[in-house]
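Student: all I have is the shape, not the residue letters:
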C-alpha cells in the first residue's frame, strides 16, 4: 500500500493510460478523483472499479483547456476528499494530418489541451502542496516529443513543451517538497493509437525492437514508481517506457 491515505487527481482518467493509472493508484491505497470529457459511461465503470477496491472515487466532465473549469475541479476534489497529494496530468488528444494542412484552430486546440491544460491544472494543486511541504506532479508527454513524427507536428511540439515545463517547474518545486517528473510513453494500445490505419500500425510495430505496442498498465507502473517513496530521487526527469522506439 505505497499510497495509503493519499488523494490522487487524474486527468483523462476514464480510459486508457489514465484509467490504468487510477486503478493502480487505488490498489496502492489512494482515493481517486478523475476528470474526462463527456465520457460518462466509461467514467462510471472506472469509478465502480475504484470503489470495488475499497477506495473513494469521484469524476466530472472537464475540458482541461478551460482554466476556470480545471481550478473548479481541483477545488471540488480538495473539498470532498482533502488535500491533493498526487496529480497525474494525463489528458490529451491528437489531430493527424500533414504539417501544411493544420489550421490555426487545430494547432491551438492541441496546445490548449496539452500545454495550457497541464500547466494550469498543476498550478491549481501546487500552492496547497507547497503549504504542506509535500506533493507529486507527473506530466504525461510522449516519445514523439523526443523524436517527432509524421503527421503530428503540433502534437510532437506540445509534448516536447511538456517536458520543458516539467524541468522548469522541478527547479522551483523540489526545494519546497513537491516532486515533478514526466513520462513519455511510446506507442500504447489506447483509443489514440486505435485511430491509426492498420498499415501504419503494423509498420510501427515492425520497427520496434520489442515487436509490439505497450499496455496502459505498463505506463501506470511507471507512474506508480514516480508517485511512491521509491521514486523520491527522480527530479525533473522524463521516463520513457517505449519498447525501444527511442533509446537515450
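Tutor: Right, received. Where do you want to start? The shown structure was predicted, so the numbers you read here are calculated from the model rather than taken from an experiment.

Student: for the record, mean pLDDT for the helix ranked longest in the chain?
Tutor: In the chain, with assignment by DSSP state H, the single longest helix is helix 153-173. For helix 153-173, the per-residue pLDDT values average out at 98.

Student: ok, residue 69 touching residue 63?
Tutor: Yes. Taking Cβ atoms under 8 Å as the definition, residue 69 is a contact partner of residue 63 at 5.9 Å. Quick note: C-beta positions are derived from backbone N, CA and C, even for glycine.

Student: nearest residue to the middle of the chain?
Tutor: With distances taken as Cα atoms, centre = their mean, residue 90 lies nearest the centre of the chain, 1.9 Å away.

Student: check contacts around that residue.
Tutor: Going by Cβ atoms under 8 Å, 6 or more residues apart in numbering, residue 90 touches 10, 11, 12, 13, 17, 18, 21, 140.

Student: any idea which of those is closest to residue 189?
Tutor: residue 17 (10.0 Å; Cβ to Cβ).

Student: is it true that that closest one touches residue 221?
Tutor: No. The criterion here is Cβ under 8 Å, and residue 17 misses it with residue 221 at 11.0 Å.

Student: of residue 69 and residue 63, which one has the most company?
Tutor: Higher neighbour count among residue 69 and residue 63: residue 69, with 18 against 15, using other Cβ atoms under 10 Å.

Student: chain center to the helix or strand of the chain with the lowest mean pLDDT: distance?
Tutor: Every helix and strand of the chain was ranked by mean pLDDT, DSSP states H and E. The lowest is helix 191-194, at a mean of 77. What separates the centre of helix 191-194 from the centre of its chain is 15 Å, taken as Cα atoms, centre = their mean, to the nearest Å.

Student: so which bits of that helix are buried?
Tutor: By 16 or more other Cβ atoms under 10 Å, the buried positions in helix 191-194 come out as 192, 193.

Student: would you double-check that residue 87 falls in a helix?
Tutor: No. Assessed by DSSP: H, G, I helix; E, B strand; the rest coil, residue 87 does not belong to a helix; its assignment is strand.

Student: residues touching it, list them.
Tutor: 8, 9, 121, 122, 125, 135, 136, 137, 138.

Student: who wins on neighbours among those residues?
Tutor: Most surrounded of the contacts of residue 87: other Cβ under 10 Å gives residue 8, at 30 neighbours.

Student: distance of that one from residue 46?
Tutor: To residue 46, residue 8 is 13 Å away according to Cβ to Cβ, to the nearest Å.
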